[in-house]
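Visitor: Generate a structure from the sequence data that follows.
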Amino acid sequence: MTPIYLDHSATTPTDPRVVQAMLPYFTEIYGNASSAHCYGRNAEHAIETAREIIASVLKCQPKEIIFTSGGSESDNLAVRGAAWYARQKGKGTHLITTPIEHGAIGKTIEQLANLQGFERTILPVDRFGRVSVQDFQAACRPGTTLASIMYANNEVGTIQPISELAAIAHEHGALFHTDAVQAAGQLSLDVNQLGVDLLSISGHKFYGPKGVGALYIRDGVDITPAQTGGSHERGLRAGTQNTPLIVGLAEALRLAYEELETRTTHYRRLRDQLIGGVLATIPNARLSGHGSQRLPAHASFVFENIYSGTLVSLLDEQDIAASAASACKTGNPEPSSVLLALGYDRDTAACSLRLTVGTQTKASDIDYTVKTLAAAIKTLIRKPEGQAVVA
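Guide: Numbering: from 1, shown residues only. As a prediction, this is how the structure comes out:
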């Protein structure tokens with residue numbers, strides 16, 4: 001049988017239409033966009049057209065879009081750049097985040113605190129992974145300059161009340177950044193409705209190429225560049241622009257929002273089929289994350305006494321690609337920090353499974369997955385020292 005790919009939160013296949021849009025910029029329109037001759041002007045035109053396309057999806061101005069190498073760089077630039085600029089202007093050094101952010105946020109803020117003297121508040125989340133609006137209100141104080149809270153979580157799929165949180169941050173004179181890497185292609189990216197000042201996306205999460213992303217920076221918001229060199233991207237991100245990938249990023253985002261209703265309806269139907277099948281078939285299976293406020297394509301579970309690393313390997317042997325927690329944590333034997341933050345004990349937090357559907361996933365794939373997963377779990381036992389084996 002054809003292998004079943006259920007790890008779309010880790011990455012998506014590049015849409016063939018996106019590949020076709022990119023191809024001329026490798027071999028025909030190959031100039032450096034900073035060059036003054038026609039080759040350079042043609043590349044520059046492609047980049048500026050891509051900027052306009054992305055701005056049309058985000059409902060912002062093209063000049064508010066900065067191209068980067070992906071979500072991690074966008075997150076780093078947003079947090080470091082905003083924090084450094086605010087401190088330089090004497091506005092304060094207090095940052096707010098959560099314990100369930102991607103490492104590009106969590107580790108960046110940790111470094112700012114440990115090496116550069118910034119203060120940080122790490123807000124708790126409830127058992128579904130949601131931030132309390134009241135807790136966020138209480139955390140804002142004089143000297144708070146930036147809050148960074150992800151739009152939707154990569155491990156449990158929970159969606160945050162971003163517009164409410166951003167409004168509170170603005171009441172206290174702070175900027176608000178959201179990591180929208182998982183949300184892009186599934187949820188609205190209208191920055192005016194969201195009320196955010198900075199927003200990060202990455203192409204390979206919505207059927208675009210890997211190695212390219214963008215950062216929205218609201219007009220009037222100043223940040224200090226973390227990467228210096230040439231004057232590319234308004235002087236905020238030095239380095240020759242990768243024209244083919246930028247074109248691919250824009251085309252993938254355009255297609256995702258042109259087809260948004262069709263795609264998300266498909267995702268939700270399969271997601272709900274998957275969740276319903278797992279919970280009805282597998283004893284002691286629990287859905288992790290929020291039951292309704294979750295990404296359309298995202299399902300995640302915990303299973304009692306089933307070590308997730310072994311379960312993922314067993315599914316792989318049966319031609320099902322799944323993941324335990326985040327793809328960015330592959331090979332890490334530690335329990336999921338996200339599940340620990342949701343209140344799961346260490347043993348249970350090591351028993352997670354994430355299954356995320358995509359445009360090519362079929363109902364028959366879900367039927368096979370539920371049946372195979374149930375059979376796999378029946379074969380697994382757990383030793384006292386925490387190592388799962390096949391019975």
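
Visitor: Check which residues of stretch 206-225 are buried.
Guide: Neighbour-count burial for stretch 206-225, with 16 or more other Cβ atoms under 10 Å as criterion, is recorded at 206-218, 221, 223-225. Where you see a C-beta, it was placed from the backbone N, CA and C, and this is true even at glycine.

Visitor: Report the mean per-residue pLDDT for that stretch.
Guide: On average, the pLDDT along stretch 206-225 is 97.

Visitor: Endpoints of it, how far apart?
Guide: 27 Å (Cα to Cα, to the nearest Å).

Visitor: how far does it sit from the chain's center?
Guide: Remark: stretch 206-225 is offset 13 Å from the chain centroid, using Cα atoms, centre = their mean, to the nearest Å.

Visitor: I'd like the next helix or strand past the host helix or strand of residue 266.
Guide: Secondary structure assigned from DSSP states H and E places residue 266 in helix 260-281. Using DSSP H and E, the helix or strand that directly follows helix 260-281 along the chain is strand 285-287.

Visitor: For whatever helix or strand comes next after that following strand, name the packing helices and strands.
Guide: Proceeding N to C from strand 285-287, the next assigned helix or strand is strand 298-303, under DSSP H and E. Using 3 or more Cβ pairs under 8 Å, 6 or more residues apart in numbering; DSSP states H and E, the elements in contact with strand 298-303 are helix 260-281, strand 285-287, strand 352-356.

Visitor: quick one, phi psi at residue 94?
Guide: Backbone torsions of residue 94, given as degrees, to the nearest 10, read phi -90, psi 130.

Visitor: For it, which residues are in contact?
Guide: When contacts are counted by Cβ atoms under 8 Å, 6 or more residues apart in numbering, residue 94 touches 118, 119, 120, 121, 141, 143, 144, 145.

Visitor: Let's verify residue 128: helix, strand, or coil?
Guide: Three-state assignment for residue 128 (DSSP: H, G, I helix; E, B strand; the rest coil): coil.

Visitor: quick one: it from residue 281, how far?
Guide: Per Cβ to Cβ, to the nearest Å, residue 128 is found 23 Å from residue 281.

Visitor: Show me which of these two is the more surrounded one.
Guide: residue 128 (18 against 14; other Cβ atoms under 10 Å).

Visitor: Does that one touch residue 158 like I think?
Guide: Yes. Taking Cβ atoms under 8 Å as the definition, residue 128 is a contact partner of residue 158 at 5.8 Å.
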